[in-house]
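# fold the following.
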Amino acid sequence: MIVAVDWQVSPPNEHREISDSGVTRPWWERYQPVSYKLGSRSGSETEFTDMVQRCNTVGVRFFFTVLLYYVYDFTVITGCAVAPALC
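Here you go, the predicted structure:
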């Protein structure tokens, strides 16, 4: 028997840090990429790899759909991978 469950992993790449209009760290900031580096408030590349490996060990498989979006000018906007102290 095959059981399929559709879970979404929030984008693990570095994203814009948003704190304006009285809103701090809204859910949608994760969808404002500034680079393709795996590093955000969700964790580092090492932590992401570890999560995938632990899930695979217990039979949970991942299928990735990669969408390459444009990114902000990261010379102006800094995210977690460049400045971890911000996260």
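
# which residues of this protein score low on pLDDT?
1-6, 21, 67-87 (pLDDT under 70).

# which strand in it has the most residues?
In the chain, with assignment by DSSP state E, the single longest strand is strand 33-40.

# name every strand pairing with it and say which way it goes.
strand 13-15 (antiparallel), strand 43-44 (antiparallel) (DSSP bridges).

# make a markdown table out of the ones you listed and add distance to residue 61 and mean neighbour count.
Every C-beta, even on glycine, is put in place using the N, C-alpha and C of the backbone. Supplementary listing: the strands paired with strand 33-40 in a markdown table, determined by distance: least, Cβ to Cβ, whole Å; neighbours: other Cβ atoms under 10 Å:
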| stretch | distance to residue 61 | mean neighbour count |
| --- | --- | --- |
| strand 13-15 | 21 | 25 |
| strand 43-44 | 20 | 16 |
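
# okay if I get those strands as TSV plus distance to residue 27?
Formatted as TSV, those follow (distance: least, Cβ to Cβ, whole Å):
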stretch	distance to residue 27
strand 13-15	11
strand 43-44	17
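
# and residue 35, which of those strands is closest to it?
Closest approach to residue 35 among these (Cβ to Cβ): strand 13-15, 4.5 Å.

# so residue 49 sits in a helix?
Yes. Assessed by DSSP: H, G, I helix; E, B strand; the rest coil, residue 49 belongs to a helix.

# re earlier: so for residue 34, which of the strands paired with strand 33-40 sits nearest?
Ranking the strands paired with strand 33-40 by proximity to residue 34 (Cβ to Cβ) places strand 13-15 first, at 5.5 Å.

# ok, which stretches of this protein are helices?
Using DSSP state H, the helices of the chain run over residues 45-57.

# list the buried residues of the longest strand of the chain.
By 16 or more other Cβ atoms under 10 Å, the buried positions in strand 33-40 come out as 33, 34, 35, 37, 38, 39, 40.

# my read is that the last one contacts residue 15, right?
Yes. Proximity of residue 40 to residue 15 meets the contact threshold set by Cβ atoms under 8 Å, at 5.5 Å.

# what number of residues lie near residue 17?
Per other Cβ atoms under 10 Å, the neighbour tally for residue 17 reads 19.

# go ahead and confirm it touches residue 29.
Yes. Residue 17 lies in contact with residue 29 (Cβ under 8 Å); the separation is 6.9 Å.
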